[in-house]
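> A predicted structure for the sequence below; I have some questions about it.
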Amino acid sequence: MPEYEAAAPPELSSDAETEQRFRDRAQAFGIEQRTIERMALSPSRALACVEEARRRGTGPGLAVHMFDAGDDPSQGRKVRGPNLYAESSCMECGGDRFVVVDTRAPVQSAWMTEHKITASADEIEVYAPCPACGAEV
Ligand SMILES: [Zn+2]
């Protein structure tokens, strides 16, 4: 047997194993074949998404959603939204991070009139980041 027919390098075979494991789990989980092909391009992240959805006891939709959102559950939990650890007892805004700076009258547009929609009679509140604790502008 010629030397170059040696087994594939370990990293390649492990990638192939990960992909196969992902394909098996994804199929058993009920993910559409078309979606499996798409997710198989990042097999280790795709597998982590499937495992996380199974661990949470949800359907395959969550696995696909996490994958499409760029999540990698194997890298720990992704924090979303505002910084939950930031001080939120601001006297100015009460922790909302935004304050009302103005109100304006609703505008009745031609499009709304055309579609028989009447603008609200109430003023519309205009918000800005809290000057005491909000993002700088
Ligand atoms: Zn504030």
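Looks like it came in fine.
> got the contact list for stretch 52-64?
Contact with stretch 52-64 is made by 25-26, 29-31, 35, 39, 46, 49-50, 66, 73, as judged by C-beta atoms under 8 Å, 6 or more residues apart in numbering. In short, each C-beta sits where N, CA and C put it, glycine included.
> return a PyMOL selection command for the buried portion of the residues you listed.
Selection command for PyMOL covering only the buried members of those, criterion 16 or more other C-beta atoms under 10 Å:
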select buried, resi 25+26+29+31+35+39+46+49+50+66+73
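> could the contacts of stretch 52-64 go into JSON lines alongside pLDDT and distance to the ion?
Below are these laid out as JSON lines (pLDDT from 0 to 100; distance: C-beta to the ion, whole Å):
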{"residue": "25", "pLDDT": "95", "distance to the ion": "46"}
{"residue": "26", "pLDDT": "95", "distance to the ion": "45"}
{"residue": "29", "pLDDT": "93", "distance to the ion": "44"}
{"residue": "30", "pLDDT": "95", "distance to the ion": "46"}
{"residue": "31", "pLDDT": "95", "distance to the ion": "44"}
{"residue": "35", "pLDDT": "95", "distance to the ion": "43"}
{"residue": "39", "pLDDT": "95", "distance to the ion": "42"}
{"residue": "46", "pLDDT": "95", "distance to the ion": "41"}
{"residue": "49", "pLDDT": "93", "distance to the ion": "37"}
{"residue": "50", "pLDDT": "95", "distance to the ion": "41"}
{"residue": "66", "pLDDT": "90", "distance to the ion": "33"}
{"residue": "73", "pLDDT": "87", "distance to the ion": "33"}
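> now flag whichever of the contacts of stretch 52-64 is closest to residue 98.
Among these, residue 66 lies closest to residue 98 (C-beta to C-beta), at 29.2 Å.
> what is the burial count for residue 23?
Neighbour count of residue 23, defined by other C-beta atoms under 10 Å: 20.
> which parts of the biggest helix by length in the chain are buried?
For the chain, the helix with the greatest residue count under DSSP state H is helix 10-29. Buried residues in helix 10-29, counted by 16+ other C-beta under 10 Å: 18-19, 22-23, 25-26, 29.
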